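Q: Sequence and predicted structure, then a few things I'm wondering about:
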Amino acid sequence: MLNYLWGIMIVIGIVVGVFNGRIDEVSNATLSSSKEAVTLCISMLGIMAMWTGLMEIAKKSGIVSSFTKGLRPIIKFLFPDIPKNHIVNEYIASNMIANILGLGWAATPMGLMAMKELKKLNKDSDLASHDMCTFLIINISSLQLIPVNIIAYRSQYGSANPAEILAAGIVATIFSTFVGVLFSVLARKLSKGDK
């Protein structure tokens, strides 16, 4: 769907450029944007490789399993229907840790594995369980303390202080995650009250 939206926006931009007599500007913008996109991808690749490598080191050194144990009370509160020693707990914890560090690309594989296991716990039903919905809400709420991507983008585009958005980001993520968790907990209680 997004491919169609981007395609439509590009075609509209070209058509508007032709009708306004600014096709030269459209051509120049296309070429400079292409160059900028490649440069941005290369700089993001370096940052992604560094943080993904650090995450792998943390996993092999036992830091991730320690964090998983530390997150157990939170995971038990958010996902009360998951068995205590089920592998999905580790996937959820790894996903949360990666998201907190702003490593969306490292969080995605763990999130997909967690959702796959949650679906198995839900007897492969096509209807999402409360735990699946809660997990999705937490991921959508932008749970992160270090917005690595935004800092990298700001650095790439010449910001004097790329990390100055940390405080605003922390406030935003605390608020959005709190609202998401509150909604999830209330929805779970209300749906159990209906049964």
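A: Structure's in. What do you need? Numbers count the residues shown, from 1 in each chain.

Q: which residue sits closest to residue 119, ignoring its sequence neighbours?
A: residue 132 (7.0 Å; C-beta to C-beta, 6 or more residues apart in numbering). The way it works is simple: take the backbone N, C-alpha and C, and place the C-beta from them, glycine included.

Q: what about residue 56, distance to residue 29?
A: 39 Å (C-beta to C-beta, to the nearest Å).

Q: likewise residue 39?
A: 15 Å.

Q: swap in residue 4?
A: 22 Å.

Q: Those two: who's more crowded?
A: Set residue 4 next to residue 29 and count neighbours by other C-beta atoms under 10 Å: residue 29 wins out with 13 against 8.

Q: Could you list the buried residues of the lowest-mean-pLDDT helix or strand in the chain?
A: The weakest-scoring helix or strand in the chain, judged by mean pLDDT, DSSP states H and E, is helix 148-156 (a mean of 78). By 16 or more other C-beta atoms under 10 Å, the buried positions in helix 148-156 come out as 148, 149, 150, 151, 152, 154, 156.

Q: now these as TSV including distance to residue 69?
A: Formatted as TSV, the buried residues of helix 148-156 follow (distance: C-beta to C-beta, whole Å):
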residue	distance to residue 69
148	25
149	28
150	30
151	29
152	31
154	35
156	37
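
Q: This completes my enquiry, with thanks.
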